[in-house]
Structure formats: structure tokens, C-alpha cells
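**Q** next come a sequence and a model predicted from it.
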Amino acid sequence: MNGSKGKFRGGLLAAALIMMISLLAGCGGSNNNAAPGAEETAGAEASASPEAADPAADPVTVKLQLKWVPQAQFAGYFLAQDKGYYAEEGLKVEILPGGPDIVPEQQVAGGSADIGVDWVASLLTSQEQEMPLVQIAQIFQKSGLVLVSKKAAGIAGPADLKGKKVGNWMGGNEFEILALFDKYKLDSNKDLNFTKQGFTMDQFLGGELDAASAMTYNEYQVILESGVKAEDLNVIDMNDEGVAMLEDNLFANKEWLEANKETAAKFVRASLKGWKDAIADPEAAVDSVMKLAEEGSTTREHQLTMMTEVAKLIQPEGFDASKMGYTDAAAFQQTADIALKFGVIKKASKVDEAYTNEIVEMAAK
């Protein structure tokens, strides 16, 4: 590295001899006051402690399992990675993409990932199945789920859903909609046609559905991008109707967390820093997203719009930005209550064990 080939060859040989003698002396290990084996014991204790802080140590690997493929829904993690926030905390974070066949809870419970992103209802189900999981942060403070209809369908409010064909992706995404039906005394089997909706908005745009489920940051924007004007649509917001369930969170394997609280706090701290930057600078956030998005699967414009809408869920109007990442007890309880009422879980969730704010509080220090 220093380019000194061939210089002072004799001096180098002498230095090498001195080094060998020093190393041999060091290997003897008994010319000191420590009891025999003390160094080995101390070394073993240090390596057994996952939080043993050594500035020169290799970065700690943390695997994050996403709920879906790379998109602005997860921009904060990508930006934290690109800006070096994880590295600053001594972490090497591997962000694992999700997909239709990947269940984040299973990945984390099985040890393939350390931390996962999913909706709270899915976490509650997994906890009831005795997977050793606990929520450590709540990223989305509001639900992004809406029911959208064309004004021509005559659905000015939830009561007007009677006799209509209403779509949802099902598979765990339908419970807020079922709670809405229940609130307005609508039987999903008798009073309307509640049907499975595809992952594109083709059924809605083609007139096969009177009302379709949509996320404010994704499918609703797809409708607008197709040429339908916002003024020609009616939107039923689950938050406004009081039936919202919490969505994107961060959860960890309990056993891993018990041994790695400081690592988890570092991860959360860097992630929240990434999210704050993503909200303040959507362009930079989307730069990070587009590096990872599958070519031809999306557009920069769509991801910018998604980032703008995701920001409204993470930091809603009037929300105290210093509380980003905290789990609100009332909102979590509402989610758990809806989950119980509609059979997502069979027994009431032990909410005091289902989530913790300890890691977010550690991250804030």
C-alpha cells in the first residue's frame, strides 16, 4: 500500500524478527498477575454479550423484512441506508423485499429476519398463533385505506353501499371494511355484494365494481393517473368513520430483542431519521426507491405521489413529530378490538404484551 518495494530489506528482516519474538511472548500468556484462563473468560463474556460496545468491532448485521416490493411506502429505510444513518449507528442493515408469497411475521419468527414491517392486524394474528413477536414501533399513525366510487354510482356515504358491488383484496385487508359495514348495519352477505378485488384497479375502471378498496398512497393515485378526476369520485375514509386499523409497524422477534435492545434502538433511531428526511425531501427519498424498484414496474412520478401521501400517514396534520414511531394505546386498542370482533383473532389481545414503546424511547435518548 505504501509503495516502498525493496527498500531497507535488511531492516525489514530485523523488524520481522522482533515482531515474531513479541508475538511468541504474547502467546505465553502466563507472565502477568491474571489468574490462569482469566483472559479467555473475559473474552468469552464479551463475545456472549450482543451489546458489547467496541468502536473497532465489525458492524452488527440487522435484517429488515419488508411487507411488499420496494416502493415509497418504505422510503425511510432506503434513505437511511443511502445516507449512512445505519452505518453511523454501527449497523449493517440488509433490507429484504417482500412480495405476495412472503409473510414478514413468519420470516422474523423463524429467524430469517430480525425486524419486520407489516400491518398490526397481521401481527395480532401471528401473536395469537404464539409466534414470539412484539411491536417495537408504529410508523403509520393513520390508516391509508379508503373505499372509492365514481359519483355516478350514487355512493355519497357508507349507507349507500347497500345493494352495491364492493371490492377488497381480502387475505387480511378486509377487516376495516367489515367494521364499516357493521357500523351501518349492513350484512356483507345479504345487503351487498362483497367481492374479491384484484391488485390492479382494472375492475373498478372497467365498471365491474361500484366501490373499490384503495390505499391513498397507491391505488387511489392509480385511478387519478388513469384520467379519472378527483371531483368525479366519492371517497369513504376509514379514519373519518372511526373504524381505522393501524397499518405499517416495526416488530421484532422477542428472543432477539431481549438480547439486542440497544441494537434495536439504534435501528429505530436511524430509521426514524431516514423517515424525517424522506418527508422533508421527497425527491431524495424517491431517488433511493427508484434504485431498487424493478425496472418498468413503476414511474418516478407515481413514487413521488406515493411518498407525499405516505408522509400524511406517518406525520398527520397536527401530529407531534417528536412522537414519530410511538404506538398510541387507544389506536392500538381500537385495532385489537376490531380484529377480535371480526374474527382476525379468537381471543382478546394482551395489548400490554403485544407492543412496547421502550425501544422508541431508548432511540430518542
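**A** Arrived safely.

**Q** give me the phi and psi for T61.
**A** Here is the backbone geometry of T61 (degrees, to the nearest 10): phi -80, psi 130.

**Q** which residues touch the residue nearest to it when sequence neighbours are not counted?
**A** Take T61 and drop its neighbours on the chain: the residue closest to it by CB to CB, 6 or more residues apart in numbering is K92, 4.8 Å away. C-beta coordinates here come from the backbone N, C-alpha and C atoms, glycine included. Counting by CB atoms under 8 Å, 6 or more residues apart in numbering, K92 touches D58, P59, V60, T61, V62, Y86.

**Q** could you confirm K92 falls within a strand?
**A** Yes. According to DSSP: H, G, I helix; E, B strand; the rest coil, K92 belongs to a strand.

**Q** roughly how far apart are it and D277?
**A** According to CB to CB, to the nearest Å, K92 and D277 sit 20 Å apart.

**Q** what's the answer for E247, then?
**A** From E247 to D277 the distance is 21 Å (CB to CB).

**Q** which one of those two has more residues nearby?
**A** Taking neighbours as other CB atoms under 10 Å, E247 and D277 compare with E247 leading, 26 against 20.

**Q** measure that one to E283 for me?
**A** Taking CB to CB, one finds E247 at 25 Å from E283.

**Q** what's the answer for S188, then?
**A** Counting by CB to CB, the gap from S188 to E283 is 42 Å.

**Q** before we move on, what about I177?
**A** Taking CB to CB as the measure, I177 falls 34 Å from E283.

**Q** ok, those two, which is more surrounded?
**A** Remark: of I177 and E283, I177 carries more neighbours, 25 against 10, as counted by other CB under 10 Å.

**Q** the more buried one belongs to a helix?
**A** Yes. With three-state DSSP as the criterion, I177 is part of a helix.

**Q** isn't it right next to W169, touching?
**A** No. Contact criterion CB atoms under 8 Å: I177 and W169 do not qualify, at 10.1 Å.

**Q** and for these two, which residues touch both?
**A** Counting by CB under 8 Å, 6+ apart, the shared contacts of I177 and W169 are S213.

**Q** ramachandran angles for Q138?
**A** Phi and psi for Q138, reported as degrees, to the nearest 10, are phi -110, psi 110.

**Q** how about the nearest residue to it, chain neighbours excluded?
**A** Nearest to Q138 is T327, by CB to CB, 6+ apart, at 4.2 Å.

**Q** report the central residue of the protein.
**A** V117 (3.0 Å; CA atoms, centre = their mean).

**Q** residues touching the residue nearest to that one when sequence neighbours are not counted, list them.
**A** Spatially, and ignoring its direct neighbours in sequence, V117 is nearest to K67 (4.9 Å; CB to CB, 6+ apart). If you count contacts by CB under 8 Å, 6+ apart, K67 has them with Q73, F74, G98, P104, G116, V117, D118, W119, D248.

**Q** distance of the residue nearest to T61 from A285?
**A** To A285, K92 is 21 Å away according to CB to CB.

**Q** surely Q81 and I95 touch.
**A** Yes. The pair formed by Q81 and I95 meets the contact definition of CB under 8 Å, at 6.6 Å.

**Q** that older thread, TSV for the contacts of K92, including secondary structure and neighbour count?
**A** Shown next, in TSV, are the contacts of K92 (DSSP: H, G, I helix; E, B strand; the rest coil; neighbours: other CB atoms under 10 Å):
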residue	secondary structure	neighbour count
D58	coil	8
P59	coil	12
V60	strand	19
T61	strand	11
V62	strand	23
Y86	helix	27
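
**Q** confirm that G111 sits in a helix.
**A** No. Checked against three-state DSSP, G111 lies outside a helix; its state is coil.

**Q** residue contacts, it?
**A** Contacts of G111 (CB under 8 Å, 6+ apart): N253, W256.

**Q** one more time with 6 Å, if that's ok
**A** Residues counted as contacts of G111 (CB atoms under 6 Å, 6 or more residues apart in numbering): none.

**Q** per-residue confidence for it?
**A** pLDDT recorded at G111 is 97.

**Q** how about G99?
**A** On pLDDT, G99 comes in at 90.

**Q** distance of it relative to G111?
**A** Shown here: G99 relative to G111, a distance of 19 Å by CB to CB.

**Q** quick one, domains of the chain?
**A** 60-142+246-364, 145-237 (automatic domain parsing).

**Q** winner for burial among those domains?
**A** Mean neighbour count (mean count of other CB atoms under 10 Å) peaks for domain 60-142+246-364 among these, with a mean of 19.

**Q** compute the first-to-last residue distance for that domain.
**A** Length of domain 60-142+246-364, first residue to last, CA to CA, to the nearest Å: 20 Å.

**Q** for V289, what are its contacts?
**A** If a contact means CB under 6 Å, 6+ apart, then V289 has A72, A75, F78, Q303 as its contacts.

**Q** quick one, what contacts M201?
**A** Neighbouring residues of M201 by CB under 6 Å, 6+ apart: E219, V222, I223.

**Q** and which of the residues you listed is nearest to V146?
**A** Nearest to V146 among these: E219, at 8.9 Å, using CB to CB.

**Q** ok, so what distance separates T308 from D328?
**A** Distance, T308 to D328, using CB to CB: 23 Å.

**Q** contact partners for T263?
**A** Taking CB under 6 Å, 6+ apart, we find T263 in contact with V60.

**Q** whoops, L96 was the one
**A** Q65, A113.

**Q** give the bridge partners for it, please.
**A** For L96, the beta-bridge partners under DSSP bridges are Q65.

**Q** I'd like the distance between it and S112.
**A** According to CB to CB, L96 stands 8 Å off from S112.
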